[in-house]
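Colleague: this one's sequence-less:
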C-alpha cells in the first residue's frame, strides 16, 4: 500500500500544472488534471454523436494519462516556437515514472508513447478532442487566452489539421467558429 | 455540433466545484473534476496491484461521472450532518442533464444511479477509491482539512466501512494511518 500511496500522490501533481485556456467563468486557467477528465468525457460524448469507430476504453485510458508527462516538464503553449526541449523532458519523466513498483506505470508509458507516435486511430482521435476542447473553451471565454497571446487565425488552422483529416464534420464547425473569432477580433486575421 | 459544444461546456462547470481536501502543495482545495480524473487513475492502479475483479471500463466511466451531480448541488463535506437536501438537488440536476439532446447523457444518468444505489461490485469499488483518495490526500497534507473541520477518529472510521468490507488489505493500511493521524493530532481521539 505504501507504493500505491506514493504513486497516487505523485500523479496528483498534475493538478498544479496550468494550461493557457481559461475555465468557463474566467476565474482561472485550466489545469492538466481536470483537462484530462474533460477529455475523457468528451471522447465518450463524441463517440455516440458521431459514431466514432475506435476502441473507446483504450482511448479513454490514453486521455487520462496523455498529459502526465507534464509533471516533469510543465505545460507550454501549443503555439510556442520551440517545444523540442519540453519533449525530451517529458519522455525522461515518463521513463522514470515507469520504473515505479506499480504494474500500471508500464501501461502509462505504453499509452503515452502510442499517443506521441500518433499512428493508431485511437491516438489520432484523442488528439482531435485534445485540440477541440481548448478551442471550445476559447470560444466560450470570448477568446481570452488567444487575445492574451496574440494568436493568429493561421496558427489555429495549423494545429487543427488533425481535426480536418479525422473528423471533417467537427472541422466544419471549427472553421465557422474561427471565422466568427476573427470577426470578433479574438484572433488576428492573418 | 452546437449541442455537443453546449453539453461539454455544461460539464466543464464541475471544474469550479471545490472539495474539502487540499492538494499536495496546500495551495488550494481540490475540485471535483480533477478528483474524478484522479479517481479513474487510482482505479486503474489498484486493479493491477490488488487483482480486483470488476468491469474496469464501467468503473472508470462511473468514476468520471459520479460527481457531475454537484454542478447542480455543490459539494458539501462528507461529515456534514444533513446531506438529504443535497441528494434531492443532485438527482434533479442529473434528471435535467439527461434531457439534453446527447446520447451519452442517458448513460451518465444510468451510471450515476448505479453509483448511488451501491448494489454492484463496480459501484462499491468506485466508492472504496472515492473514500481512499481524500484519505490519502489528508495524510499527505498532514491532516489540514481534518484539523480545519475538527474531525474525530470515529467519523473517519465510519465512512471507511465500505473499504473494510470490499478491500480488507487497503483497510489495514487505512487503520495504521488513522492511528498515526491521532498521534499527530490531525484527528481528535474520540
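Modeller: Structure received. Keep in mind that this is a model prediction, so the values were computed, not measured. Numbering: from 1, shown residues only, chains lettered A, B, ... in the order given.
Colleague: Now residue A:117: closest residue in space, sequence neighbours ignored.
Modeller: Residue nearest to residue A:117 in three dimensions, not counting chain neighbours: residue A:123, with 6.7 Å by C-beta to C-beta, 6 or more residues apart in numbering or on different chains. In this view, the C-beta of every residue, glycine as well, is placed from N, C-alpha and C.
Colleague: can you check residue A:83 too?
Modeller: residue A:76 (6.5 Å).
Colleague: Now do the SS call for that neighbour.
Modeller: coil (DSSP: H, G, I helix; E, B strand; the rest coil).
Colleague: and the residue nearest to residue A:117, how many neighbours does it have?
Modeller: Close neighbours of residue A:123, defined as other C-beta atoms under 10 Å in any protein chain shown, add up to 22.
Colleague: correct me, but it touches residue A:112?
Modeller: No. Counting by C-beta atoms under 8 Å, residue A:123 sits too far from residue A:112 to count as a contact (10.0 Å).
Colleague: Residue A:20: which element?
Modeller: According to DSSP states H and E, residue A:20 maps onto strand A:18-22.
Colleague: tell me the mean pLDDT for that strand?
Modeller: On average, the pLDDT along strand A:18-22 is 95.
Colleague: how many neighbours does the residue nearest to residue A:83 have?
Modeller: Neighbours around residue A:76, by other C-beta under 10 Å: 14.
Colleague: Over to residue A:119?
Modeller: Residues near residue A:119, counting by other C-beta under 10 Å: 9.
Colleague: And residue A:185, by the same measure?
Modeller: Other residues close to residue A:185 by other C-beta under 10 Å number 12.
Colleague: Identify the contacts common to residue A:123 and residue A:112.
Modeller: Common neighbours of residue A:123 and residue A:112 are listed as residue A:62 (criterion: C-beta atoms under 8 Å, 6 or more residues apart in numbering or on different chains).
Colleague: Name the helix or strand for the residue nearest the centre of chain A, please.
Modeller: Nearest to the geometric centre of chain A sits residue A:130, at 3.7 Å (C-alpha atoms, centre = their mean). Using DSSP H and E, the element containing residue A:130 is helix A:121-140.
Colleague: Can you spell out which helices and strands pack onto that helix?
Modeller: strand A:18-22, helix A:32-50, helix A:56-65, helix A:103-117, helix A:144-149, helix A:161-166, helix A:168-183, helix B:2-11 (3 or more C-beta pairs under 8 Å, 6 or more residues apart in numbering or on different chains; DSSP states H and E).
Colleague: Between helix A:56-65 and that helix, find me the angle.
Modeller: 60 degrees (axes from the mean of the first three to the mean of the last three C-alpha atoms, to 10 degrees).
Colleague: How far away from the center of its chain is helix A:121-140?
Modeller: Computed by C-alpha atoms, centre = their mean, to the nearest Å, the chain-centroid distance of helix A:121-140 equals 7 Å.
Colleague: the inter-axis angle of it versus helix A:168-183?
Modeller: Using the same axes, to 10 degrees: helix A:121-140 against helix A:168-183 is 30 degrees.
Colleague: Go ahead and name everything in contact with stretch A:133-150.
Modeller: Looking at what lies outside stretch A:133-150 - C-beta under 8 Å, 6+ apart - the contacts are A:19-24, A:26, A:29-30, A:35, A:38-39, A:42, A:77, A:79, A:156, A:160, A:174, A:177, A:180-181, A:184-188, B:5, B:8-9, B:12.
Colleague: ok, of those, which come out buried?
Modeller: A:19-23, A:30, A:35, A:38-39, A:42, A:79, A:156, A:160, A:174, A:177, A:181, A:186-188, B:5, B:8-9, B:12 (16 or more other C-beta atoms under 10 Å in any protein chain shown).
Colleague: so how far is residue B:189 from residue A:157?
Modeller: Residue A:157 is 63 Å from residue B:189, where distance means C-beta to C-beta, to the nearest Å.
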